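Asks: any chance you can model this:
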Amino acid sequence: MAKNTSSNVFRTLDVDLYSEDNYKEEADTADTPATTQNESVISSLLAANKPAEALTSLLSGAILGIKDPAARAASLTIAMRVLMAIKASQIDEVVAQLDNESRDVLMKFIYRGFEVPSEGSSAHLLVWHEKVFAVAGPGSIVRALTDKKRV
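Replies: Numbers count the residues shown, from 1 in each chain. This is a model prediction of the structure:
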């Protein structure tokens, strides 16, 4: 049995700070000009038939936690263009070149693409999901689904 159970010295953490009533969302730090600049770079890479570099640029410049629905839709549109431009035979090599953080952002884009399916995109996104899962494991799925900062 524990000794001195009436002592409350060990209670130094103020749990009231973490109450839902006191929780404040982080400020939206997304800049629209940076998004359009990144979009033009990605579009030029796609036009030059360099989809792997376009994906790397997309994932490194992805702004997480965007609140504006129009900006989120534009971000998803450019991401879907990049993902659809990469052939299924090239996906393994492209995913192997990415670091873990980029794979997590990629998994967020994949799940976001599942939310808004278009013709032919679901099958291609399932291939992407399979390849990213094979490399990153189930932790990537958990991080993508539980992170509050959405793409």
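
Asks: next, name the residue at the spatial heart of the chain.
Replies: Centroid-nearest residue in the chain: Val105, 2.9 Å away (criterion: C-alpha atoms, centre = their mean).

Asks: contact partners of the helix or strand encompassing that residue?
Replies: Assigned by DSSP states H and E, Val105 belongs to helix 100-115. For helix 100-115, contacts defined as C-beta atoms under 8 Å, 6 or more residues apart in numbering pick out 55-56, 58-60, 62, 64, 76, 79-80, 83, 95, 98, 121-122, 125, 128-129, 132, 135-136, 140-141, 143-145, 147, 150-151. No exception for glycine: its C-beta is placed from N, CA and C like everyone else's.

Asks: in the helix or strand where Val127 lies, what's buried?
Replies: Using DSSP H and E, Val127 maps to helix 121-136. Buried residues in helix 121-136, counting neighbours by 16 or more other C-beta atoms under 10 Å, are found at 121, 124-125, 127-129, 131-133, 136.
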